[in-house]
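1. sequence and predicted structure below; questions after.
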Amino acid sequence: MKLENKLKEFFGYDNFKKGQKEIIEKILERKDVLGILPTGGGKSICYQLPALLMEGTCIVISPLISLMKDQVDSLRSNGINAYFINSSVEFEKSREIFSKIKKEDVKILYISPERLENKFFREFVSGMKISFVAVDEAHCISQWGHDFRPSYKKIPSFYNCIRNEFAIASFTATATENVKNDIIKNLKLKDPFIRVTGFDRENLYYSTENPKDKFEFIIKEIKSNESGIIYCSTRKNVELVEKKLNKAGFKATKYHAGLNDSQKNKNQEDFLFDRKNIMVATNAFGMGIDKSNVRFVIHYNMPKSMEEYYQEAGRAGRDGENARCILLFNGQDIVTNKFLINESRNLNYIKTSMEKLSVIINYCNTSNCLRHFILNYFGEESEEHCSNCSNCIDEIEKIDVTVDSQKILSCIYRVNQMYGMTSIIDCLKGNYNLNVKNKKLNKLSTYGIMKNDPKEYIRDLIGHLVADGYIHVSNSEYPILKLTNKSKEVLFESKKVLINKKNKKEKSKKIIEDNFDINLFEKLKNLRLNLSKSRKVAPYIIFSDATLKDMSKKKPVNEDEFLKVSGVGEKKLSMYGEFFLEEIINYKTSEKFSN
Ligand code: ADP
């Protein structure tokens, strides 16, 4: 049996992605496995394919309910018998599923970790034949990880319920050395086969921007019909940005922890089904969301760490097509993040969080290749120039801001390094308000020395000075701006301060253009949307954008040709082939006539 043939038959793909084949082979040999693949790297197929080829049922432990429904829908659309049981499934319904499992040859059963503790479930499993246990998002078992789930720790005690010999296959997208060791130890993996594949996502374009007006920037950046996510750091920002986008004529929805469950589900579905193409959300949204045609992920605020950023940004372009990851930042973001971190009482947490924050601040301010910066941080070697990030493409000009920096630094010096950003700006601008009156800021020599500069400019420059180490923001409850050794060189030794100014080079963006027929592609997308409505499945479950593009390139007119399209397998051919073939044939005929 050739694994490639099975991949084509069930999933419609011709070739394995990096790492998939070796992992699958090891699972088939019944060896324990730890697969560390980036988001979009194709982890699901690593366990889904062997599950199909082995006797018995594969139990997949996965943390998020939304993910399960998605995965099961997608498997079923490929003709694979799969079920899921979690807290969203009512008791009666789960009994029904159990009785089906007894009668049918169920290949994959998704469960939430909480289910493992359920007595009834344990008893049921002891009567089943299990092919292997797959643990998705395995980093949830580690306290070092960012999404620790206590119920993951219960997984090993569940192994005893399984009566036959079985192996464990675990998967994650992020694993530092600590997390990796935790996974092996806590999941009790025996001499596991470990495969780490490259973290580079070539189809993603990275950029960092410090625009005057973030909202204006977004409006210019996004096209009205493309699908994308905008992450904001607070619920308030989510509400604001979503409202403004809708007012500006975009179709946006929102997601944050302040919404109730039914609102959250509805909004998530609106996004998944392309009824609303923009999702504005806090970081509560996204884990387990497998929407493959996300064309941009914009961070409206600076995230707190590179780990968080790379995971969220990685939700763009899972279909392998070009996508943009844009991080918008300003000085205020740094201050807000420090404030949020300082809310913790755990000193260790504050210390590591501050270290992590300083890495992402450097990412925002570096003039070097952004991809190189990211890969280097995750311990991977790479070229120093990628030609697909804003720093490689835009021209960076250094501008001299020494004089204005001196004004700001002297103001901090004059207030005896006792106040925060607002007071410094009030003083420099020469504002007269209660704050100024109380602190007697109008008596200082620096009062009003920047009265002609916009407030935003002063705030951003303070942000730059913080990022480049000229100003230290204290870790106290109210962040206070302090001078550093570096700032003394500017104040007293007239050292120059230079900051980056990017000159956009719009035209030269590296676009990996594929020569597909855009008109046909639009028609096929429309057909997909109609089918999705009538069959009540998300559009991307029918075919991904990448598959439709390949279709618009190959323009198949019969079943054999249709099967050659990437992403088309036997099942999809029989379910959707006739509709898409008809559309393509009509299109080709009308093309002939119009020529
Ligand atoms: P992960 O869970 O690692 O983030 P997924 O399993 O969701 O990634 O896969 C990401 C996308 O890649 C999905 O749309 C999936 O169908 C697609 N994919 C997986 N394996 C292949 C393959 N061998 N060839 C082409 N596309 C693939």
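-> Okay, I see it.
2. which intervals of the stretch 351-500 of the chain have sub-threshold pLDDT?
-> 395-396, 475-477 (pLDDT under 70).
3. if we use 80, what do you get?
-> 366-368, 378-381, 394-398, 467-469, 474-479, 494, 499-500 (pLDDT under 80).
4. quick one: the helices in it, in order.
-> For the stretch 351-500 of the chain, the helices defined by DSSP state H, counting those that start in this stretch occupy 370-377, 390-393, 402-414, 421-429, 434-439, 455-467, 485-492.
5. list the buried ones in the fifth one?
-> Using 16 or more other CB atoms under 10 Å as the burial criterion, the residues of helix 434-439 that qualify are 436, 439. For every residue, glycine as well, the C-beta is placed using N, CA and C.
6. next: the first one.
-> Applying a neighbour-count criterion of 16+ other CB under 10 Å, the buried positions in helix 370-377 are 370, 371, 372, 373, 374, 375, 377.
7. which secondary structure elements does that helix sit against?
-> strand 204-209, helix 306-313, helix 347-365, helix 390-393 (3 or more CB pairs under 8 Å, 6 or more residues apart in numbering; DSSP states H and E).
8. kindly report the same for the last one.
-> The elements that helix 485-492 packs onto, with contact taken as 3+ CB pairs under 8 Å, 6+ apart, are helix 402-414.
9. name the surrounding residues that touch the helix it packs on.
-> For helix 402-414, contacts defined as CB atoms under 8 Å, 6 or more residues apart in numbering pick out 424, 427-428, 444-446, 449-450, 453, 458, 461-462, 465, 470-471, 481-483, 487, 490-491, 494-497.
10. hmm, which of those residues are the buried ones?
-> 424, 427-428, 444, 446, 449-450, 458, 461-462, 465, 470-471, 481, 483, 487, 490-491, 497.
11. quick one on the thing from earlier: compare the helices and strands packed on helix 370-377 and give me the one nearest the ligand.
-> Nearest of the helices and strands packed on helix 370-377 to the ligand, taken as CB to the nearest ligand atom: helix 306-313 at 10.2 Å.
12. what does the closest one contact?
-> Contacts for helix 306-313 (CB under 8 Å, 6+ apart): 39, 146, 173-174, 199, 204, 206, 229, 231, 283, 286, 297, 299, 303, 325, 327, 356, 359-360, 363, 374, 377-378.
13. run through the residues that contact whichever residue of the stretch 201-350 of the chain sits closest to the ligand.
-> Using CB to the nearest ligand atom, the closest approach of the stretch 201-350 of the chain to the ligand is made by residue 292 at 4.1 Å. For residue 292, the contacting residues are 318, 319, 540, 544, 545, 546, by CB under 8 Å, 6+ apart.
14. and what about the first one, helix, strand or coil?
-> The three-state assignment at residue 318 reads coil, by DSSP: H, G, I helix; E, B strand; the rest coil.
15. next, count neighbours for the residue nearest to it when sequence neighbours are not counted.
-> Residue nearest to residue 318 in three dimensions, not counting chain neighbours: residue 40, with 3.8 Å by CB to CB, 6 or more residues apart in numbering. Residue 40 sits with 22 neighbouring residues when counted by other CB atoms under 10 Å.
16. who's the residue nearest to residue 464 when sequence neighbours are not counted bridged to?
-> Leaving aside its chain neighbours, residue 464 sits nearest to residue 499 (4.9 Å; criterion: CB to CB, 6+ apart). For residue 499, the beta-bridge partners under DSSP bridges are residue 399.
17. mind listing what residue 499 touches?
-> By CB under 8 Å, 6+ apart, the contact list for residue 499 reads 398, 399, 401, 461, 464, 468.
18. quick one: the strands in the stretch 101-250 of the chain?
-> 108-111, 130-135, 167-172, 193-196, 204-209, 228-231 (DSSP state E, counting those that start in this stretch).
19. can you list the helices and strands that the first one packs against?
-> This means strand 108-111. strand 57-61, helix 65-77, strand 82-85.
20. for that strand, what is the distance to the chain centroid?
-> Mean-position distance between strand 108-111 and its chain equals 24 Å (CA atoms, centre = their mean, to the nearest Å).
21. just the CA trace of that strand, in CSV.
-> C-alpha atoms of strand 108-111 as CSV (Å, rounded to 0.1, in the frame of the first residue of the first chain):
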residue,chain,number,x,y,z
ILE,A,108,-12.1,8.5,14.8
LEU,A,109,-13.7,9.7,18.0
TYR,A,110,-12.9,13.3,19.2
ILE,A,111,-13.3,13.9,22.9
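22. residue contacts, residue 25?
-> Applying CB under 8 Å, 6+ apart, the residues near residue 25 are residue 3.
23. figure out the helix or strand that it lives in.
-> Residue 25 belongs to helix 20-28 when assigned by DSSP states H and E.
24. just the buried residues out of the contacts of helix 306-313, in ChimeraX syntax.
-> Selecting only the buried entries of the contacts of helix 306-313 in ChimeraX, with 16+ other CB under 10 Å as the criterion:
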select :39,146,173,174,199,204,206,229,231,283,286,297,299,303,325,327,356,360,363,374,377,378
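25. the closest residue to residue 16 other than its chain neighbours: neighbour count?
-> Once flanking residues are discounted, residue 16 sits nearest to residue 7: 6.5 Å by CB to CB, 6+ apart. Neighbourhood size, residue 7 [other CB under 10 Å]: 20.
26. tally of neighbours for residue 557?
-> Residue 557: 12 neighbours (other CB under 10 Å).
27. that one touches residue 583, doesn't it?
-> No: assessed by CB atoms under 8 Å, residue 557 is found out of contact with residue 583, at 11.0 Å.
28. for the residue nearest to the spatial centre of the chain, give me the pLDDT.
-> Compute the mean C-alpha point of the chain, and by CA atoms, centre = their mean the closest residue is residue 312, 2.3 Å away. Confidence at residue 312, expressed as pLDDT, is 93.
29. next, work out how far apart the residue lying closest to residue 498 once chain neighbours are set aside and the ligand are.
-> The spatial neighbour of residue 498 that comes closest, neighbours along the chain excluded (CB to CB, 6+ apart), is residue 398 at 4.4 Å. For residue 398, the distance to the ligand (CB to the nearest ligand atom, to the nearest Å) stands at 39 Å.
30. neighbours around residue 398, how many?
-> 11.
31. can you name the residues of the chain sitting close to the ligand?
-> Contact residues, the chain versus the ligand (CB under 6 Å from any ligand atom): 13, 15-17, 20, 37, 39-45, 290, 292, 318-319, 544.
32. sorry, back to before: which of the contacts of residue 292 lies closest to residue 117?
-> residue 318 (32.2 Å; CB to CB).
33. what's near enough to touch the closest one?
-> Taking CB under 8 Å, 6+ apart as the test, what residue 318 contacts is 39, 40, 290, 291, 292, 294.
34. at 7 Å what do you get?
-> 39, 40, 290, 292, 294 (CB atoms under 7 Å, 6 or more residues apart in numbering).
35. how about JSON lines for the helices and strands packed on helix 370-377, with distance to residue 533 added?
-> Formatted as JSON lines, those follow (distance: least, CB to CB, whole Å):
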{"stretch": "strand 204-209", "distance to residue 533": "30"}
{"stretch": "helix 306-313", "distance to residue 533": "29"}
{"stretch": "helix 347-365", "distance to residue 533": "41"}
{"stretch": "helix 390-393", "distance to residue 533": "38"}
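36. pick out the least confidently modelled helix or strand of the protein, by mean pLDDT.
-> strand 498-503 (a mean of 71; mean pLDDT, DSSP states H and E).
37. helix or strand next in line after it, which one?
-> Next along from strand 498-503, by DSSP H and E: helix 518-535.
38. show me which positions of that next one end up buried.
-> Under the neighbour-count criterion of 16+ other CB under 10 Å, helix 518-535 has 520, 521, 523, 524, 525, 527, 528, 531, 532 buried.
39. now the first one: closest residue in space, sequence neighbours ignored.
-> By the measure of CB to CB, 6+ apart, the closest residue to residue 520 outside its immediate chain neighbours is residue 552, 4.3 Å from it.
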